[in-house]
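Student: Quick check, what structure comes out for this input:
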Amino acid sequence: MTKIGAKKETGYRGRIAPTPTGFMHLGHAKTFLKAQERAREAEGTLLLRVEDLDRERCKEEFTGALIEDLRWAGLDWEEGPDVGGACEPYTQSDRGEVFRKVWKSLRASGSIFPCRCSRKDVQVAVTAPHESGGELIYPGICRDWSPDFDSEESAEAVNWRFRVPDGETIEFVDENLGIQRFGAGRDFGDFLVWRKDGIPSYELAAVADDIAMGITEVVRGEDLLLSTARQILLYRSLGCEAPSYYHCPLVLDESGRRLAKRHQSLGLREIRRRGVDLAALLGDGS
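Tutor: This is a model prediction of the structure:
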């Protein structure tokens with residue numbers, strides 16, 4: 001299989017990758033500061049990538065706000081497009097050809113298959129979600145559907161799913177949480193990589209960009225552990241080495257629930273407005 005941007009022997013390269021669907025909160029700051037800390041400890045490079053592929057929920061106002069909030073929180077990055085002498089973030093909405101190249105490679109290798117199922121179709125076909133994560137395991141309805149397409153354009157206008165190796169255990173060592181194991185076909189099923197509107201899924205876009213940008217370690221919240229298992233399969237199918245992973249514990253609100261962008265009281269904007277010492281609020285940053 002042809003390797004797409006296989007990782008080169010470089011120094012540490014990390015990334016901060018927020019999604020501008022709302023204002024940043026304390027949990028984001030804690031995770032992003034950990035990413036910065038690890039990059040500096042390794043004397044490496046940290047870049048900022050805005051993951052703005054959700055056209056309906058990502059807003060320009062949130063993009064401008066997150067950059068302002070990140071700088072206020074003490075975050076800096078060393079790489080990105082040079083705009084007027086300033087280091088701007090990479091934006092996924094500008095990187096369609098990168099994602100299309102990876103989609104074509106996965107299609108050529110037979111790692112993915114076209115799927116006609118809507119979310120409702122899957123819900124009807126599945127009797128119960130996975131108990132711990134609530135994920136609906138795709139029942140393989142379209143696994144054998146392999147129609148001929150008249151053109152690349154018509155193939156792109158269809159949903160595509162990754163064909164997971166049912167029964168295989170996906171294992172990796174998290175730099176913070178230790179050994180992690182997930183069962184393909186049990187903890188997650190055939191997952192979406194390409195949508196019929198021509199937009200890649202989070203899984204494909206993150207992997208494609210991390211390969212292209214030479215990322216050697218991904219620091220993110222522990223709510224994305226299952227995504228890591230899926231992404232490791234994508235790296236393998238593309239013939240590329242996966243980065244290391246460091247998953248941070250989630251910051252919880254007063255009732256013990258994970259923070260969401262709608263939590264105004266622990267939003268970075270509100271914390272700054274009240275003049276709160278962010279460093280003191282975060283404690284040791286671990």
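Student: so residue 179 bridges to which residues?
Tutor: residue 173 (DSSP bridges).
Student: Surely it is in contact with residue 171?
Tutor: Yes. Residue 179 lies in contact with residue 171 (C-beta atoms under 8 Å); the separation is 6.6 Å. C-beta here means a position set from N, CA and C on the backbone, and glycine is covered the same way.
Student: In terms of helices and strands, where is residue 143?
Tutor: In this assignment (DSSP states H and E), residue 143 forms part of neither any helix nor any strand.
Student: Which residue of residue 179 and residue 171 possesses the greater neighbour count?
Tutor: Using other C-beta atoms under 10 Å as the criterion, residue 179 and residue 171 rank with residue 171 on top: 11 against 8.
Student: From residue 46, how far off is the more buried one?
Tutor: Distance, residue 171 to residue 46, by C-beta to C-beta, to the nearest Å: 28 Å.
Student: next one: residue 247
Tutor: For residue 247, the distance to residue 46 (C-beta to C-beta) stands at 17 Å.
Student: What is whichever helix or strand residue 205 is part of packed up against?
Tutor: In this structure, residue 205 sits in helix 202-212 according to DSSP H and E. If you count contacts as 3 or more C-beta pairs under 8 Å, 6 or more residues apart in numbering; DSSP states H and E, helix 202-212 packs onto helix 96-109, strand 192-194, helix 225-238.
Student: what angle do that helix and helix 225-238 make?
Tutor: Angle of helix 202-212 versus helix 225-238, following axes from the mean of the first three to the mean of the last three C-alpha atoms, to 10 degrees, is 60 degrees.
Student: Can you mark which positions in stretch 222-239 are buried?
Tutor: 222, 224-235, 237-238 (16 or more other C-beta atoms under 10 Å).
Student: Can you report how many residues neighbour the spatially closest residue to residue 171 that is not a sequence neighbour?
Tutor: What sits nearest to residue 171 in space, not counting adjacent residues and going by C-beta to C-beta, 6 or more residues apart in numbering, is residue 181, at 4.8 Å. Residue 181: 10 surrounding residues under other C-beta under 10 Å.
Student: same question, residue 69
Tutor: Burial measure for residue 69: 23 neighbouring residues, criterion other C-beta under 10 Å.
Student: Point out where the stretch 101-250 of the chain drops to low pLDDT.
Tutor: 126-134 (pLDDT under 70).
Student: just how off-centre is the longest helix seen in the chain within its chain?
Tutor: The residue-count maximum for a helix in the chain (DSSP state H) belongs to helix 26-41. Once both centres are worked out by C-alpha atoms, centre = their mean, to the nearest Å, helix 26-41 turns out to sit 16 Å from its chain's centre.
Student: So which elements touch that helix?
Tutor: strand 13-16, strand 45-50, strand 217-221, strand 244-248, helix 268-273, helix 278-282.
Student: Show me what it is in contact with.
Tutor: The contact list for helix 26-41 (C-beta atoms under 8 Å, 6 or more residues apart in numbering) reads 12, 14-16, 18, 45-46, 69-70, 73-76, 217, 219-221, 246, 248, 250-251, 258-259, 266-268, 271, 278, 281-282, 285-286.
Student: nearest residue to the residue nearest in space to the middle of the chain other than its sequence neighbours?
Tutor: In the chain, the residue lying closest to the centroid (C-alpha atoms, centre = their mean) is residue 206, at 4.7 Å. Nearest residue to residue 206 in three dimensions, chain neighbours excluded: residue 231, at 6.5 Å (C-beta to C-beta, 6+ apart).
Student: same question, residue 121
Tutor: Per C-beta to C-beta, 6+ apart, closest to residue 121 is residue 141, 7.1 Å.
Student: May I have the secondary structure class of that neighbour?
Tutor: Three-state call for residue 141 (DSSP: H, G, I helix; E, B strand; the rest coil): coil.
Student: Give the full set of residues in contact with it.
Tutor: 115-117, 121-122, 125.
Student: and if we set it to 10 Å?
Tutor: By C-beta atoms under 10 Å, 6 or more residues apart in numbering, the contact set of residue 141 is 115-117, 121-122, 125, 161, 190.
Student: In strands, which of those residues fall?
Tutor: 115, 161 (DSSP state E).
Student: Pull stretch 42-52 out as CSV, backbone CA atoms only.
Tutor: Output of stretch 42-52 as CSV, limited to C-alpha atoms (Å, rounded to 0.1, in the frame of the first residue of the first chain):
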residue,chain,number,x,y,z
ALA,A,42,10.4,18.1,24.8
GLU,A,43,11.8,21.3,23.3
GLY,A,44,9.4,20.6,20.4
THR,A,45,7.0,22.5,18.2
LEU,A,46,3.3,23.2,19.0
LEU,A,47,0.8,24.3,16.3
LEU,A,48,-2.7,25.5,16.4
ARG,A,49,-5.4,23.9,14.1
VAL,A,50,-8.9,25.1,14.1
GLU,A,51,-11.2,22.2,13.4
ASP,A,52,-14.1,24.0,11.7
